[in-house]
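Chemist: Need a 3D model of the sequence below.
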Amino acid sequence: MVKKFKKFIKVVKAKAPWLEHVIESFEDACDLNQVDLVVRAPSGSACVYCKGSKMLCGKAQCPILVRAYSIAKVSTLLTSQDLVGSSPPAVFVGRYGYPYVYAGPLVPPFTGDTSILDTPECWLGASIQDIVDFRVKLVRGKAKFHVRDADDAPKLLSDVQLMAMGERPVDSEMRLSKRPSASILLDDEVQPMGPSAPIKELRVSDVRASKLIEKAVNDTDLKARDAILELYAKGVPVSQIQRVFSVGLLGVKGMRKLVPTRWSITAVDSTISRTLRDEQVKRMQELDEYRVYHFNFMDNRFVVLMFPGKWSYESIEAWFPGTTWNPEGGSVAFCGDWEGYWGRTTYASMGGCYYAARLAVAEHLARVGKQASVLVLREAHPGYIMPVGVWIVRECVRRALSQGYERFDNLKEALDAAFSKLSISPRIWMQVSKLLSDQVKQERLTKFVGKRT
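Modeler: Predicted structure coming up:
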């Protein structure tokens, strides 16, 4: 488990004139100093001293400047408290203050086909700057609600829910109580977010809801779990299911609640993967060979190993110094969790990435009709300069599993192939992985039993 550091957030400055000295475009720097830009950092952060000019973090790009460029691009379009745009559609539900949470629409200050801005299934191949641009372009209108307001929603929340049901961009008008402000938090644990402001009024039009989603929403006798599984089985993208679940549109009447966006993502991944595992994968024939899959994206290296045997699963992430979860470490930091045939009884300590990868693995095994013991290894190198969400794990593992595999007849050859695609020593992986340790011991025992005396 990677050590988490206690944070003390310090407001550095309401304006950021130092950006003029490190951003090549003088116009972009001036734009940034015209918006209400707040730069914050944990106490003692190297970012306070570096200010993007010395690269003290050791990363290939300054994550603060990447975000600053994105804010500069959108800031010139935020000229008033009224905003008209085409929502992808996208919504956001916060988690702080639960059960009273801030929720609202995400709307860019322009119209057109904006679906790419909130469709992570389509983001593989984009650059880190592209993905930050996608997020920062979405202006967040926010209002406070009790989570149980979802069942009998006031008009503003009802309009947000209607927007969430759309299967294509939704024409939206937001009236905000003040001009949106942008915030750059010098903290690698926080995903990039666009400008935000309290919302007074929302108008949506031309909402075209998916008939599948509309049916699930209108079925007030259908449990949320069953609605999630039914939508997934009928091909509705996971990101759309997460969206309608988050705004409290699924479940039995009287029991529906707003679910913070971060929680809804993991809840949907967990629900689908657990069901696929228990109701399909475990009933299938065991794999009779060793398979190695791999995929690299944004300086993340993913390797998936499948071993003959009954279902078991482990996910391990290795974060190099200068990366998101290991900003100042002198050595590689590991985090991981595993489950045996009967699954887990506690929440995975490594968080949502565990369930995102498990979903990708379970749906692949269900599709190919096999049961196996599966190990997902991830190396995050310094080129991965900031967190972009657990979607990157789900989609990268999905891509790895869809691109074909190398087949082997024995464990040694499979491990040699897998480790050749990673930087960390096989000896270290053996020390941190329970599943690998079990595999090696099992093979040794098999060889011993097979010998004649």
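
Chemist: Could you list the buried residues of the longest strand anywhere in the chain?
Modeler: When the chain is parsed with DSSP state E, its longest strand is strand 196-205. By 16 or more other CB atoms under 10 Å, the buried positions in strand 196-205 come out as Ser196, Ala197, Ile199, Leu202, Val204. From N, CA and C alone the C-beta is placed, and that goes for glycine too.

Chemist: Out of those residues, which is nearest to Val390?
Modeler: Ser196 (21.7 Å; CB to CB).

Chemist: so what's the closest one up against?
Modeler: Residues counted as contacts of Ser196 (CB atoms under 8 Å, 6 or more residues apart in numbering) are Val139, Arg140, Gly141, Lys142, Pro180, Ser181, Ser183.

Chemist: for this protein, where's the lowest mean pLDDT among helices and strands?
Modeler: The helix or strand of the chain with the poorest confidence is strand 9-13; it has a mean of 33 (mean pLDDT, DSSP states H and E).

Chemist: quick one: low-confidence ranges for the stretch 251-400 of the chain?
Modeler: 324-325, 327-329 (pLDDT under 70).

Chemist: residue ranges for the strands of it, please.
Modeler: Counting by DSSP state E, counting those that start in this stretch, the stretch 251-400 of the chain has strands at residues 285-286, 290-297, 300-307, 312-319, 333-339, 370-371, 373-380.

Chemist: can you list those in TSV and add distance to Pro105 and mean neighbour count?
Modeler: Shown next, in TSV, are the strands of the stretch 251-400 of the chain (distance: least, CB to CB, whole Å; neighbours: other CB atoms under 10 Å):
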stretch	distance to Pro105	mean neighbour count
strand 285-286	47	11
strand 290-297	29	21
strand 300-307	31	23
strand 312-319	33	24
strand 333-339	34	20
strand 370-371	42	20
strand 373-380	32	25
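
Chemist: need those in a markdown table with distance to Asn326, can you?
Modeler: Output for the strands of the stretch 251-400 of the chain, formatted as a markdown table (distance: least, CB to CB, whole Å):
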| stretch | distance to Asn326 |
| --- | --- |
| strand 285-286 | 37 |
| strand 290-297 | 19 |
| strand 300-307 | 14 |
| strand 312-319 | 4 |
| strand 333-339 | 4 |
| strand 370-371 | 35 |
| strand 373-380 | 8 |
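
Chemist: Give me the longest helix you can find in the protein.
Modeler: Looking across the chain with DSSP state H, the single longest helix is helix 261-279.

Chemist: Counting by contacts, list what that one packs against.
Modeler: strand 91-93, helix 224-233, helix 238-246, helix 352-368 (3 or more CB pairs under 8 Å, 6 or more residues apart in numbering; DSSP states H and E).

Chemist: Remind me what the last one packs against, helices and strands.
Modeler: The helices and strands touching helix 352-368, judged by 3+ CB pairs under 8 Å, 6+ apart, are helix 261-279, strand 312-319, strand 373-380, helix 391-402.

Chemist: quick one, the third one and strand 300-307 angle?
Modeler: Angular relation of strand 373-380 and strand 300-307 on a 0 to 180 degree scale: 170 degrees, by axes from the mean of the first three to the mean of the last three CA atoms, to 10 degrees.

Chemist: swap in the first one?
Modeler: Put simply, helix 261-279 runs at 20 degrees to strand 300-307, going by the same axes, to 10 degrees.

Chemist: I'd like to check what contacts helix 261-279. Which residues are they?
Modeler: Against helix 261-279 from outside (CB under 8 Å, 6+ apart): 91-95, 225, 228-229, 232, 238, 241-243, 245-246, 259, 311, 343, 351-352, 355-356, 358-359, 361-363, 365-366, 389-391, 394.

Chemist: which of the residues in it are buried?
Modeler: 261-277.

Chemist: got the contact list for the nearest residue to Trp391 once chain neighbours are set aside?
Modeler: Leaving aside its chain neighbours, Trp391 sits nearest to Pro120 (3.6 Å; criterion: CB to CB, 6 or more residues apart in numbering). Pro120 is in contact with Ser239, Gly389, Trp391, Ile392, Arg394, Glu395, counting by CB under 8 Å, 6+ apart.

Chemist: Ser312 versus Pro120, what's the distance?
Modeler: 28 Å (CB to CB, to the nearest Å).

Chemist: likewise Val236?
Modeler: Taking CB to CB, one finds Val236 at 29 Å from Ser312.

Chemist: then stretch 243-254 to PDB, C-alphas only?
Modeler: Extracted C-alpha coordinates of stretch 243-254, given in PDB (Å, rounded to 0.1, in the frame of the first residue of the first chain):
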ATOM      1  CA  ARG A 243     -23.700   8.900 -15.500                       C
ATOM      2  CA  VAL A 244     -27.400   8.000 -15.000                       C
ATOM      3  CA  PHE A 245     -26.600   6.000 -11.800                       C
ATOM      4  CA  SER A 246     -24.700   9.000 -10.400                       C
ATOM      5  CA  VAL A 247     -27.700  11.400 -10.700                       C
ATOM      6  CA  GLY A 248     -30.000   9.000  -9.000                       C
ATOM      7  CA  LEU A 249     -32.000   7.700 -12.000                       C
ATOM      8  CA  LEU A 250     -31.700   4.000 -11.300                       C
ATOM      9  CA  GLY A 251     -33.400   2.000  -8.600                       C
ATOM     10  CA  VAL A 252     -36.700   1.400  -6.800                       C
ATOM     11  CA  LYS A 253     -38.800   4.500  -6.300                       C
ATOM     12  CA  GLY A 254     -38.300   5.900  -2.800                       C
END
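
Chemist: contacts for that stretch?
Modeler: Counting by CB under 8 Å, 6+ apart, 89-91, 93, 103, 118, 147, 149-151, 153, 157, 160-161, 164-165, 213, 216-217, 220-224, 227-228, 256-261, 264, 267-268 sit against stretch 243-254.

Chemist: That's all I had, so thanks and see you.
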